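Engineer: I'd like to go over a predicted model; first the sequence, then the structure.
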Amino acid sequence: MSAPPQAAYRTRARRRPRLLVWVGVLCVAAVVIESAVVTNGFGLATKKSSSSSNGIPGPNPNPAGELVTSVTGQLTYSGTGSNPFPALSGGDLCPGCPKLPKEYTNNGTNFDGLWFYFNVSNAGKNGTTLSNFSLTTSGANPHLFVLLGVECCYTTHSTPYSEPTDHLYVPPNSSPIGLAVFVTALAIPGDGTTGYALTLHMTCP
């Protein structure tokens, strides 16, 4: 026997709030998962932590609190004509520097990491490619900071896309393309008040 119309309506009315609750839960879960993916683009735990995975405090990678004082672009252009990326030849790629690298933990290992962001615009008449990204550090150890990866193409400094790239094609007369770069160091020795200047090397084409 079918339920009276009033009873059927009450049953549907009870189901509707539960359905809305589950929809809300799924939406929240989707946001959390997406945030985790975005902030973990290179497969690293980006939550700041002072302890390793077994709960034992790990060593501070930067006990002297040394700063990254600057990041400078160095472009090797092998084409003919004028350089299509003049801003990358000796240009400042970290307007927010000096910056203090943040402490991260991954698989029980503490390290320091730093994001920096810059735009790329092609001033030439033809499309061309940026590639062969590498990094050097001022001071006694040019490999102190390691280039973990370059990501393209961020929309704001707080939400870089998780699309690591080893080369980038830049068409002419295009809107600026944003790149996000992540560098790391396992241990940063103190050097007084000097800090460390980084150089990002690139080639074109």
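Structural biologist: Looks like it came in fine. Given the structure is predicted, the values throughout are model-derived calculations rather than measurements. Numbering: from 1, shown residues only.
Engineer: poorly predicted segments of the protein, please.
Structural biologist: With pLDDT under 70 as the threshold, the chain has low-confidence stretches at 1-57, 156-162.
Engineer: strands along that one, start to end?
Structural biologist: Across the chain, reading from the start of the chain, the strands by DSSP state E fall at 68-77, 102-106, 109-120, 128-137, 146-152, 164-165, 167-170, 177-185, 196-204.
Engineer: mean neighbour count and distance to Gly96 for those - can I get that in a markdown table?
Structural biologist: C-betas here are computed from N, CA, C, even on glycine. A markdown table is the format used below for those (neighbours: other CB atoms under 10 Å; distance: least, CB to CB, whole Å):
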| stretch | mean neighbour count | distance to Gly96 |
| --- | --- | --- |
| strand 68-77 | 18 | 10 |
| strand 102-106 | 17 | 13 |
| strand 109-120 | 19 | 7 |
| strand 128-137 | 17 | 18 |
| strand 146-152 | 18 | 17 |
| strand 164-165 | 15 | 22 |
| strand 167-170 | 16 | 22 |
| strand 177-185 | 21 | 13 |
| strand 196-204 | 20 | 13 |
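Engineer: so which of the ones you listed is nearest Gly58?
Structural biologist: strand 109-120 (4.0 Å; CB to CB).
Engineer: angle of the closest one against strand 102-106?
Structural biologist: With axes from the mean of the first three to the mean of the last three CA atoms, to 10 degrees as the criterion, the two stretches strand 109-120 and strand 102-106 enclose an angle of 120 degrees.
Engineer: related to what we said a few turns ago, turn the strands of the chain into TSV, columns for distance to Asp92.
Structural biologist: Formatted as TSV, the entries for these read as follows, by distance: least, CB to CB, whole Å:
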stretch	distance to Asp92
strand 68-77	7
strand 102-106	21
strand 109-120	8
strand 128-137	15
strand 146-152	17
strand 164-165	22
strand 167-170	19
strand 177-185	13
strand 196-204	11
